[in-house]
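[1] dropping the sequence and predicted coords here.
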Amino acid sequence: MKPCIYCWGENRDAARFCGHCGQPFTSDPHRRPVSEQENERPEPSRAVATLLSFLWPGFGQLYKGETTKALAFYIISIILWKVLGAMLLRGVFVQPLTSLVALSSLTAFWIYGMIDARRGTGGKAGRHFSPTLEIVTLSALGIIVVSLLVTPFIFQEITARRQLEEMGIPYTDAAFVGAAENGDTAAVQLFLATGMNPDTRYPIRRPALMAAAEEGHTETVQILIANGANVNAKGSEYQTALMLAAERGHTATVIILLHNGADVNVVDSSDNTALTLAAKNGHTDIVRLLNETKVRE
């Protein structure tokens, strides 16, 4: 009889496998059990984990099998990128401090994602680097990747401002609202590209959308709405863009405003609605459109 070196169960001398634990008999006393060998997995590569997190925070953690942490990194990075994107669309030079905070937060988080992905990994890559050098290297990588994402927005803003200067148009609220009022779509698009708020007012209670709608500049109205202008913003005497377009008889503009959610029931300071203003001025086509909209509602 011979004992098994794994479970110490007694077996016949001719036995090739232990009848108690199933392990094979071997002349190598240091050989580990088959079950341990089968359960072994290669250690995640530090270089691969870092590279994946460099591409996007959370990918390195997912590679290491840390699913919950990977999901958290991914969601947070999406939120930070959306916040930064919103700041950039509003203009780096319009909101410099807020944009800087958003950019710094995203960069720091990107760097932390790479550092966290390297923890608990193996492989030759990175073993000969000091912790300080690793942090410096990863910081540089984080700054590079975020800069590559942000540069197009900054370049677009700088280019748009330069083009406005070449056209002799000052970068002011009055010039923006004036461009909308004149139906200068090229200038309006350049202002928006610099981060100008589409709801900018000049004078105080007159939004750019109302200025464009009052003059019947349908294309300008579409551009402003596409860039987030409030279709139901109220100006002086509590009138809206729809009221002014209906009063002036700009049918195409009224259609665009209605399709984008303009409220037909708004009442101004004189108890007029878009419908009553159109009727008073004899714009029968607009009256019909507004009545049809009220019926659908």
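    Looks like it came in fine. Numbering: from 1, shown residues only.
[2] how is the protein carved up into domains?
    1-40, 46-166, 173-296 (automatic domain parsing).
[3] chain center to stretch 249-262, what's the gap?
    Counting by CA atoms, centre = their mean, to the nearest Å, stretch 249-262 is centred 30 Å from the centre of its parent chain.
[4] what's that stretch in contact with?
    With CB atoms under 8 Å, 6 or more residues apart in numbering as the test, stretch 249-262 has contacts from 213, 215-218, 221-222, 225, 231-232, 240-242, 245-246, 264, 274, 278, 281, 283, 285-286, 289-290, 293. (Each C-beta comes from the backbone N, C-alpha and C, glycine too.)
[5] what subset of those residues is buried?
    Buried members of the contacts of stretch 249-262, counted by 16 or more other CB atoms under 10 Å: 213, 215-218, 221-222, 225, 231, 240-242, 245-246, 264, 274, 278, 283, 286, 289-290, 293.
[6] where does Phe109 land in three-state SS?
    helix (DSSP: H, G, I helix; E, B strand; the rest coil).
[7] show the contacting residues for it.
    Per CB under 8 Å, 6+ apart, neighbours of Phe109: 57, 76-77, 80.
[8] nearest residue to the middle of the protein?
    For the chain, the residue sitting closest to the mean C-alpha position, by CA atoms, centre = their mean, is Lys82 at 2.8 Å.
[9] so where does it fall, helix or strand?
    helix 67-90 (DSSP states H and E).
[10] just name the shakiest helix or strand of this structure by mean pLDDT.
    Among the helical and strand segments of the chain, the one scoring lowest on mean pLDDT, DSSP states H and E is helix 34-39, with a mean of 47.
[11] against which helices or strands is the very next helix or strand once past that helix packed?
    Reading on from helix 34-39 to the C-terminus, the next helix or strand found by DSSP H and E is helix 46-55. Counting contacts by 3 or more CB pairs under 8 Å, 6 or more residues apart in numbering; DSSP states H and E, helix 46-55 is packed against helix 59-63, helix 96-118, helix 131-166.
[12] distance from the chain centre to the shortest one, please.
    Going back to what we said before, that points to helix 59-63. 21 Å.
[13] what packs against that helix?
    Using 3+ CB pairs under 8 Å, 6+ apart, helix 59-63 sits against helix 46-55, helix 67-90, helix 96-118.
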